[in-house]
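Peer 1: Fold the following, please.
(one chain, ligands or ions: 1)
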Amino acid sequence: MNEIDLLITNANLATMDLALSSDATTESSTEHNDYAVINNAHLAISDGKIVGLYTDSSALPKSKTTIDAKGGWITPGLIDCHTHLVWGGNRAREFEWRLQGVSYQEISRKGGGIASTVKATREASDEQLKKDAATRLSRLMEEGVTTVEIKSGYGLSLEQEMRMLSIARQLGEEHAVTIKTTLLAAHAMPPEFDDSDAYIEEICQTIIPQTVQAGLADAVDVFCEGIGFSVEQCRKVFEVAKAHQLPVKGHVEQLSDLKGALLVAQYDGLSVDHIEYLQASDVETLKQSDTVAVLLPGAFYALKEQQLPPIDELRKQAVAMAVSTDLNPGTSPQASLRLAMNQACIYFGLTPAESLAGVTRNAAKALGLGESKGQIKVGYDADLVLWDVDHPCELSYGVNLSRPVNIFKQGITLK
Ligand SMILES: [Zn+2]
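Peer 2: As a prediction, the model looks like this:
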């Protein structure tokens, strides 16, 4: 092998490589080796990729740079696969209302909720939107997040949805992070429309085709809910997305069981997100469509939800479970994926290994990046984090106790 770019020596690796885990046929077991650990390992990196993984230090390639991990733990770079981090304004007042007992649905009906963020987002300048979003993004990146999904959905017109997605794309160009963009025009009703069917037509006839033509979206999402859009309306959106070869996903079964998850599965969707009200009997369908279950414990926490997602059944059926922040101004104002990992354990009963898989391997899969990110293996992107922990379970256990020592983005040392 020619001289490589970077050699990281003396590391303990939580590879999250499914092929190495204790039970490769079961996506989620509670065994220790669900971290797919390789102790005393050395990683060779070139051109942004992992090109070698060694446990024998006598056979290491020559390298331009060498970093001694001194026995520290390295995981794949963390992936936040569900955020709304571009928004205008501030919803702190609603936080006060909710504490006085007003429900999310009532706030929505009062013209608060998403509608107030739509107004503030539309009124904000490009510069202001980008500056505020960059601050939130940097909060995630400081924690070792190297890939982030960003949705539109506060613009709700062709021009404004494209503006949000364009800002998200710019964030990816200006920061050392991979950004995947998702068109979420079917998030709420824009004030210009009274008839939700007419707005769905606008999404299908104009917003999706033109966003695709501009190359701004990697996927299409919907809010399938009583206060969002019906299953039949979401189906129309998915039909058009499919016609444009865009993968789909859905905010489904967050507040009620409309069977949105089954619709997403019918379209071989990337992920079903929230799913507190998903019936255990519907889980098998997700397995068949290889759809990821994205758990959003930050929203569960902020809304003081009581209904738990069907974790046992997801585990039993070996449906891949991802964990994400759902970072948004209303129901999950939480720019910490590490906190979401802890919440997924505390509220949903995930093991720390499942929680880590949820922000690495399974989050990558939820973004269609399962073949290049989320695991430490030869051929994968060298998105890596070296942590100041004695065991990877500490990453889910503590809140603000441990931090990245080094963050590597496609082989470049960020910290
Ligand atoms: Zn969301």
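Peer 1: Looks to me like S166 is in a strand.
Peer 2: No - residue state for S166 (DSSP: H, G, I helix; E, B strand; the rest coil) corresponds to helix; a strand is not indicated.
Peer 1: Excluding chain neighbours, give the residue nearest to it in space.
Peer 2: If you skip the residues right next to it in sequence, S166 has L216 as its closest partner in space, 6.1 Å away by CB to CB, 6 or more residues apart in numbering. Heads up, the C-betas are built off the backbone N, CA and C, glycines and all.
Peer 1: Okay, the one you found and I79: tell me how far apart.
Peer 2: When distances are taken as CB to CB, to the nearest Å, L216 and I79 turn out to be 21 Å apart.
Peer 1: who's in contact with S108?
Peer 2: Taking CB atoms under 8 Å, 6 or more residues apart in numbering as the definition of contact, the neighbours of S108 are 114-115, 227.
Peer 1: Turn those into CSV, columns for secondary structure.
Peer 2: As requested, these are arranged in CSV below (three-state DSSP):
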residue, secondary structure
I114, helix
A115, helix
I227, coil
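Peer 1: ok, now how distant is the residue nearest to S166 from I207?
Peer 2: In this view, L216 and I207 are 11 Å apart by CB to CB.
Peer 1: can you map out the helices along the stretch 51-200 of the chain?
Peer 2: Taking DSSP state H, counting those that start in this stretch as the test, the helices found in the stretch 51-200 of the chain are 92-99, 104-109, 114-123, 126-142, 158-174, 196-202.
Peer 1: Does anything pack onto the following helix or strand past the last one? Which helices or strands?
Peer 2: Note on helix 196-202: by DSSP states H and E, the next helix or strand toward the C-terminus is helix 208-213. Using 3 or more CB pairs under 8 Å, 6 or more residues apart in numbering; DSSP states H and E as the contact definition, the elements that helix 208-213 packs against are helix 158-174, strand 178-186, helix 231-243.
Peer 1: most neighbours, which of the contacts of S108?
Peer 2: Ranked by neighbour count (other CB atoms under 10 Å), the contacts of S108 have I114 at the top, with 27 neighbours.
Peer 1: residue contacts, that residue?
Peer 2: For I114, the contacting residues are 108, 153-154, 187-188, 330, by CB under 8 Å, 6+ apart.
Peer 1: and if you look at T360?
Peer 2: When contacts are counted by CB under 8 Å, 6+ apart, T360 touches 16, 75-79, 374-375.
Peer 1: For C345, find the nearest of the helices of the stretch 51-200 of the chain.
Peer 2: Among the helices of the stretch 51-200 of the chain, helix 126-142 comes nearest to C345, with 19.2 Å by CB to CB.
Peer 1: just the strands in the stretch 301-415 of the chain please.
Peer 2: Secondary structure of the stretch 301-415 of the chain (DSSP state E, counting those that start in this stretch): strands located at 321-323, 384-387, 404-409, 412-413.
Peer 1: which residues touch the third one?
Peer 2: It stands for strand 404-409. Under CB under 8 Å, 6+ apart, the answer for strand 404-409 is 6, 8, 45, 67, 72, 77, 141-144, 146, 176-177, 382-388, 413-415.
Peer 1: Please pick the buried ones from those.
Peer 2: Among those, the ones that count as buried by 16 or more other CB atoms under 10 Å are 6, 8, 45, 67, 72, 77, 141-144, 146, 177, 382-387, 414.
Peer 1: hang on, the earlier thing: dump the helices of the stretch 51-200 of the chain to JSON lines, plus mean pLDDT and distance to A363.
Peer 2: Formatted as JSON lines, the entries for the helices of the stretch 51-200 of the chain read as follows, by pLDDT from 0 to 100; distance: least, CB to CB, whole Å:
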{"stretch": "helix 92-99", "mean pLDDT": "85", "distance to A363": "27"}
{"stretch": "helix 104-109", "mean pLDDT": "79", "distance to A363": "25"}
{"stretch": "helix 114-123", "mean pLDDT": "94", "distance to A363": "24"}
{"stretch": "helix 126-142", "mean pLDDT": "98", "distance to A363": "12"}
{"stretch": "helix 158-174", "mean pLDDT": "98", "distance to A363": "16"}
{"stretch": "helix 196-202", "mean pLDDT": "98", "distance to A363": "29"}
